[in-house]
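[1] What follows is a predicted structure for the sequence shown.
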Amino acid sequence: DESEDCVRQRAVAEACADRLWRIAPSSLSAFLPGLRPPRACVEPAANIAPRLCGRLWELRLAGKGKEAAELVAALSTLKYALDLEPEPVGAKYAVSLMTPTFGPELRLPLTPPSPASASAIRVAIAALAGVHDRALHHLV
């Protein structure tokens, strides 16, 4: 179930109790208050910012919601930008910006992102640079 609807996720988790290991539709909705953390999540943004997504997961598992807030904001901006186009168009474009050897070409029926979507993705990626340095400084 890829629904981002928190009420639906809570209802499914409560109905299945311990018989179900949740797989969240994204890292942003993975840690709903009062529910056991999911075993995994499906997160296209992890292809663009794997260390930040990993750090967010670590902070949330450690119960450090306040420290995770800046990462949530930055990753939410990226997630929104990626979702402006059907998957995997936004993610492929973002990866092509960050990895010069990865071309942005798509096979039909996919088409390149619109200029507005491409701009939103570029802005979101640029915003991640400073967040990345602050969030991961402890790992260096």
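    Received, thanks.
[2] Grab the nearest non-local neighbour of residue 122.
    residue 97 (6.5 Å; Cβ to Cβ, 6 or more residues apart in numbering). All C-beta atoms are positioned from the backbone trio N, CA, C, and that covers glycine.
[3] where's the one you found relative to residue 77, distance?
    Look at residue 97 and residue 77: by Cβ to Cβ, to the nearest Å, they are 15 Å apart.
[4] Next: residue 83.
    According to Cβ to Cβ, residue 83 and residue 77 sit 11 Å apart.
[5] got any residues that touch both of those two?
    With contacts defined as Cβ atoms under 8 Å, 6 or more residues apart in numbering, no residue is shared by residue 83 and residue 77.
[6] and the residue lying closest to residue 65 once chain neighbours are set aside, how many neighbours?
    Excluding its sequence neighbours, the residue lying closest to residue 65 (Cβ to Cβ, 6+ apart) is residue 59, at 7.6 Å. Residues near residue 59, counting by other Cβ atoms under 10 Å, number 20.
[7] wait, residue 59 sits on residue 67?
    Yes. Assessed by Cβ atoms under 8 Å, residue 59 is found in contact with residue 67 at 5.1 Å.
[8] didn't residue 52 look like it was pressed against residue 74?
    Yes. Counting by Cβ under 8 Å, a contact exists between residue 52 and residue 74, whose distance comes to 7.2 Å.
[9] Report the central residue of this structure.
    Per Cα atoms, centre = their mean, the C-alpha nearest to the average position across the chain is that of residue 45, at 3.9 Å.
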